[in-house]
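Chemist: Output the structure for:
(3 chains)
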Amino acid sequence: MSVVDRQEWDVVVVGAGGAGLRAAIEARERGARTAVICKSLFGKAHTVMAEGGIAAAMANANEHDNWQVHFRDTMRGGKFLNQWRMAELHAQEAPDRVWELETWGALFDRTKDGRISQRNFGGHEYPRLAHVGDRTGLELIRTLQQKIVALQQEDFKETGDYESRLKVFQECTVTRVLKDTASEGGSAAGRVSGVFAYERETGRFFVLEAPAVVIATGGIGKSFKVTSNSWEYTGDGHALALLAGAPLLNMEFVQFHPTGMVWPPSVKGILVTESVRGDGGVLRNSEGKRFMFDYIPDVFKEKYAESEEEADRWYEDPENNRRPPELLPRDEVARAINAEVKAGRGSPHGGVFLDVSTRMPAEVIRRRLPSMYHQFKELADVDITAEAMEVGPTCHYVMGGIAVDSDTAAARGVPGLFAAGEVAGGMHGSNRLGGNSLSDLLVFGRRAGWHAAEYAQGVTYQRPPVDDAQVNAAAAEALRPFSAEADREGEAGPPENPYTLHQELQQTMNDLVGIIRREGEMEQALRKLAELRVRARRAGVEGHRQFNPGWHLALDLRNMLLVSECVARAALERTESRGGHTREDHPTMDRKWRNVNLLCTLADPTGGLAATDSGRGQIRLARESTAPIRPDLLALFEKEELVKYLAEEELYE
Amino acid sequence: MSSYEARFKVWRGDEQGGGLEDFTVEVNDGEVVLDIVHRLQATQAPDLAVRWNCKAGKCGSCSAEINGRPRLMCMTRMSVFDRAETITVTPLRTFPVIRDLVTDVGFNYRKAREVPAFVPPAGLGAGEYRMMQEDVDRSQEFRKCIECFLCQDTCHVVRDHEENKTAFAGPRFLMRIAELDMHPLDAAAETGLDRGRTAQDEHGLGYCNITKCCTEVCPEGIKITDNALIPMKERAVDRKYDPLVWLGSKIRRRSS
Amino acid sequence: MATGTEPQQNSGGVRTGARAAITAPHLRTDRWWLAPAVTAAGLLAFVVYSTWRAFANAHYYAAPYVSPFYSPCLASNCRTMHAGPNADLFGSWWGISPAIIILIFPLGFRLTCYYYRKAYYRSFWASPPACAVAEPHRTYTGETRFPLILQNVHRYFFYAALLVAGVLTYDTVLSFRDTHYRWGHMGLGTLVFLANIVLIWAYTISCHSCRHIVGGKLKHFSRHPVRYKAWQFVGRLNARHMQLAWASLLSVALADFYVYLVASGVFADPRFF
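Modeler: Numbering: from 1, shown residues only, chains lettered A, B, ... in the order given. Model prediction:
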């Protein structure tokens, strides 16, 4: 079985979205031979779905903007749970990362004087989002893709081979990160030695040997029924890290974007960009009321308008008016919509109304929100220039993720493993601001690529060996769905349809660990997840290994189940409401939880998924106190504001 | 909500061969063809291969031919068809098939590599770029491209003539050249690269007979022919077929 | 798996080896043949009509109207048109209809026009007959070699078409006379001529070459605000190039036919004042 094809690289990047490509570019530019593996075609990553923009304090639209203000907004949005050093690096480096894109050919929308135009977004004090209409993610991914091609062209000129130093393995899936076991017990033990992957097209297995692996696989949305995420978002990177022994951080924080489409059913969950509200769109309930004015929480009272008149004036004169409450951070807006629908003031299809048609001329709408116009016209037969959209919350983003070192993006506990982008935790705290994801991808994608390259170059002469036993075990694990029928003995029950299991998992997470959470429901979810885990062992597939979607899904189920359990366990543990985690039984934010991180690790670190036992879970949870925020960063806030977030002892240090 | 049973013919097979298979499948209000293909996977053909991703017309993965017309499956609403109609879904017919609805689109990635990248202007650092909106409008239109490759699929130059694949980049990549040639800060000319000329000499612009099928199928509504291909042809004329320019260059060469 | 795979070498159109094994040349269920059929019929009708009229060498002048097919009239066998578009450049050796001399230019302009190229490549040459419908030709080289590489001369025909449109404008001005060449009169023919010249100009200005020349060739619109405005204007017209091509084709034939009716005495031009 160990006849699988093997190749040697310096850095392997798993995932070809914004973070993965940025990491690959950086690693290659720093001299590391770099391979990128992605599940889709090159250039199709979920990043293309990002609409609004890239948050960066370039101060093009408002000269008062600077990194400190951006840092402050980010910390407020994350309710001070952010890994503050990440938030600091992010705010400082984002402008350079955006400008750099221009040198690679990106074309952002412009200001009158020819600089990059910046737009308003929820939670950002100033217009800060560099954008291209409402297709910024596409511009980002295309620019990075074309930069990779540019580097390959350089390599071609020098070596005659486009792929000599930077290669994209598209439509391939990694199922295991391999580790060095040969030098067991020595100081080098447990280092990353490569990845095990299969080609989706042929089903063939292969191993990429590399001392450094960057995980940039994005999120976990496909574990939820209503989601804006694409099929790729099965939590692969989270699971890979867990299985490799790295902890996940604060997985209870899942962002529900307030505005997803609610009708027709087949597109339920597809995102309606926040720019609709940034550019003047308002939320109304079935009574026609702009209900967001009733949902401004105390911590934000001073920052948001109290009357519709003031809110409307803000679009023209932001200096002298406060912003409309439609632009509160996403968690607040999502909860408000949820509450309105529950109170019976929802729209016909169970959402609320988002209206731009009465706020802007039709032609302006078509120019500023072209994809939204297109999306509603094509998919819902709704003309947004003439009528209101129906929107409701949709699972959008996971703030939690692989616990990483702020400066190097190195995963904790596994030398050689790095993570960047949505799959990494910490940066956004309990809630991410719109626009901060794209800048996060660029800032930490670059850092991950940089440090991975440096690490790989440091171990050139003692590359960790790949262990045949691990390769064989990974191959057997991947082939299991085909033999589900055969080794029926000893395991009760008929083979399971992976599609059915997936649907049940999505329903469970949506209903029981969704936007509003209750203790009893989450316990119920954990029991259901355990049951699904047992059944998933029997997930069987028909046909052969060549481009077989049933098989692919059966393999992804392992990851979704692992990650879902992390979310449910962490959510059960955190007895407060904060950002993307709302407990009906603990409805307020608790300052005592401010500096507590929840870490998920694999209960059985040998890697064998002790899954037949439905009672015991796979995940162990640990609490950890966060490092105190550096005083000069704390000094950026008013004392009165800090009192609302920080515990007494933190304030008087 | 009304649902009905629709008749589908889906091409199944691989490079060894295959054919159209009949299915009868439930269709609900507001669904698109991709929903139906997913229902087939979940209920009748779990190993039916299909490439898809965002399901919102933004990534350009789910390209196929529906009733013989190149389209995105996620953006083709079932309501455009008659309920009695049999809907035929096949893979793209210009590229080698891998399995079922999935084709090998490697041709496009090879062509992408043959177009020289953006050349940053010398002497301008990051953050110093100044471009006016009216100067970036044209290239921005082309950058709306989601690389679904429907234009590459429908273009008869390669669809009906495999042998032209070597010489012809296809509408998507001729448009990429146009995008760079119209980029206000692209400095290719300063490095001796004449994009207008190479479009014709190296990327097969002359094969295009402007029959506009690329524009017809573009799900992003990009005016590929009018705004990219024809302007590139005109730029090639500037370089090569303008007798005044030709005469001028002869005279200059002689006097120098 | 990797982003590059080896190219296929083997020919057989849309049914080439490694492609999905589908024998039908196309699977379209709509009436895809309708558009090329209508186009072919329309173009053919014009060709038949204009050939008859161009070679007729008669009934092209009925004071004050001169048929656009015969203007300017460049040989000495032309009828003398009072203050009309006569210019005896060719002299007396030219024996056949003088329309042939001048029609080369509008004909060349339209023949190399980007819209008409699409129209006749599709409807007459079936290359392709419609999108995703297999074309019947074994090989295809497009406009890469002689003779089709000559399509690139479109721009020079555009310049010529500007001159012709100028002359036709002059003819339209002349149509504000009565049959005794007195100014300040109008008849139904004047309206026909006016409509025709507006459409001719709109078609000529909306040409892709024109769009390129007025501004399309620029890299920085912001440095040429006037040309940018002009480019935008031409661009808006250009979006209607197909409609204008047909409308002006019809109007020029109508204008000619009107002159024919009046000149041959079938119909008397109603005078307004």
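
Chemist: Wait, a helix at residue A:283?
Modeler: No - when the secondary structure is assigned by DSSP: H, G, I helix; E, B strand; the rest coil, residue A:283 falls in strand instead of a helix.

Chemist: I figured it hits residue A:290, correct?
Modeler: Yes - the pair residue A:283 and residue A:290 passes the contact test of CB atoms under 8 Å, sitting 6.6 Å apart. C-beta: built from backbone N, CA, C; applies to glycine.

Chemist: So for the two, which sits in the more crowded spot?
Modeler: Summary of the neighbour comparison: residue A:283 and residue A:290, criterion other CB atoms under 10 Å in any protein chain shown, with residue A:283 having more neighbours (27 against 16).

Chemist: where are the low-confidence patches of the chain?
Modeler: Picked chain A for this. Judged by pLDDT under 70, chain A has its weakly predicted residues at A:1-3, A:182-188, A:484-492, A:605-616, A:652-653.

Chemist: My question was about chain B, not that one.
Modeler: Low-confidence segments of chain B, defined by pLDDT under 70, span residues B:1, B:243-250, B:252-256.

Chemist: re earlier: could you name every residue contacting both of residue A:283 and residue A:290?
Modeler: With contacts defined as CB atoms under 8 Å, 6 or more residues apart in numbering or on different chains, the residues adjacent to both residue A:283 and residue A:290 are residue A:326.

Chemist: ok, now which ones touch residue A:42?
Modeler: Residue A:42 sits in contact with A:16, A:145, A:168, A:170, B:109, C:3, where contact means CB under 8 Å, 6+ apart.

Chemist: Next, give me the two most distant ones among those residues.
Modeler: Within the contacts of residue A:42, two members stand farthest from each other by CB to CB: A:16 and B:109, at 12.6 Å.

Chemist: quick one: contacts for residue C:66?
Modeler: If you count contacts by CB under 8 Å, 6+ apart, residue C:66 has them with C:60, C:73, C:81, C:84, C:85, C:171, C:174, C:259.

Chemist: Chain A: which of those is nearest?
Modeler: residue C:171 (40.4 Å; CB to the nearest CB).

Chemist: quick one on the thing from earlier: now narrow the contacts of residue C:66 to whatever sits close to chain B.
Modeler: Restricting these to those adjacent to chain B (criterion: CB under 8 Å from any CB of the partner chain) removes every one of them.

Chemist: Out of those, who's the most crowded?
Modeler: Neighbour max across those (other CB under 10 Å) = residue C:73, 28 neighbours.

Chemist: what pLDDT does that one get?
Modeler: In this prediction, residue C:73 carries a pLDDT score of 92.

Chemist: Can you tell me, leaving aside adjacent residues, what's nearest to it?
Modeler: Counting by CB to CB, 6 or more residues apart in numbering or on different chains, the nearest residue to residue C:73 once its immediate chain neighbours are dropped is residue C:98, at 5.0 Å.

Chemist: Pull the contacting residues for that neighbour.
Modeler: Applying CB under 8 Å, 6+ apart to residue C:98 gives the contacts C:57, C:70, C:73, C:74, C:75, C:77, C:78, C:90.

Chemist: List only buried entries from those residues.
Modeler: Buried members of the contacts of residue C:98, scored by 16 or more other CB atoms under 10 Å in any protein chain shown, are C:57, C:70, C:73, C:74, C:75, C:77, C:78.
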